[in-house]
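> Return a 3D structure for these sequence lines:
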Amino acid sequence: MRSTGGRKHERVRGRVTGARRWGPHARRRNGLTMPVPLYQAKAEFFRTLGHPLRIRVLELLQDGPLPVRDLLAAVDAEASSLSQQLAVLRRAGIVTATREGATVVYALSTPDVTDLLISARRILTEVLAGQGELLAELRAEARG
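As a prediction, the model looks like this:
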């Protein structure tokens, strides 16, 4: 058992139960499913993206669908770890999985994911450029 904010939660297969309904669109309160505010759904979406392996998988899938074996060859991770992260992305609806014989092929669920990754790169580039300028100013100040 684990206590969070005065509530008791039970660990079941690595998950904490009782605190919230898993998924961005609904939560349970007094046995009823309640809608989640948009800002909360967005936060859950960004939490889903908040793992380096998941981001790497999404980057790889930008060029088109890939079988698991190709994803595994392209990432530095154990098969079980990759499988776990793919399951998180699949449950969130960010990727889709189709079976082709014995092979499972993953794809982005929407091209908007690519747009999001491009926007993230652009934002990071601007932030890092600003930090580089600040660093140059600090170095110049230290010399002068």
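> which residues touch Leu108?
Listed by C-beta atoms under 8 Å, 6 or more residues apart in numbering, the contact set of Leu108 reads Leu58, Leu61, Gln62, Ile94, Val95, Thr96, Thr114. C-beta here means a position set from N, CA and C on the backbone, and glycine is covered the same way.
> Now the buried members of those.
Leu58, Leu61, Ile94, Val95 (16 or more other C-beta atoms under 10 Å).
> sorry, back to before: could you dump the contacts of Leu108 into CSV and include secondary structure and distance to Gln84?
Shown next, in CSV, are the contacts of Leu108 (DSSP: H, G, I helix; E, B strand; the rest coil; distance: C-beta to C-beta, whole Å):
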residue, secondary structure, distance to Gln84
Leu58, helix, 15
Leu61, helix, 17
Gln62, coil, 21
Ile94, coil, 15
Val95, strand, 13
Thr96, strand, 17
Thr114, helix, 23
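> any idea which of these is the one closest to Leu71?
Relative to Leu71, the closest of the contacts of Leu108 is Leu61; by C-beta to C-beta it sits at 8.1 Å.
> Tell me if I'm right that that closest one and Ala107 touch.
Yes. In terms of C-beta atoms under 8 Å, Leu61 counts as a neighbour of Ala107; the distance is 6.2 Å.
> Show me the common contact partners of those two, please.
Val95.
> Quickly note the distance from the spatially most central residue of the chain to Pro35.
Relative to the mean C-alpha position of the chain, the nearest C-alpha, by C-alpha atoms, centre = their mean, is the one of Leu49, at 1.7 Å. For Leu49, the distance to Pro35 (C-beta to C-beta, to the nearest Å) stands at 22 Å.
> hmm, back to that, going by distance to Ala41, which of the contacts of Leu108 wins?
Comparing the contacts of Leu108 against Ala41 with C-beta to C-beta picks out Ile94 as the nearest, at 13.3 Å.
> Could I get the full set of helices for the chain?
Secondary structure of the chain (DSSP state H): helices located at 38-49, 52-61, 68-74, 79-91, 112-143.
> on contacts alone, who are the packing partners of the third one?
Judged by 3 or more C-beta pairs under 8 Å, 6 or more residues apart in numbering; DSSP states H and E, helix 68-74 is in contact with helix 52-61, helix 79-91, strand 103-108.
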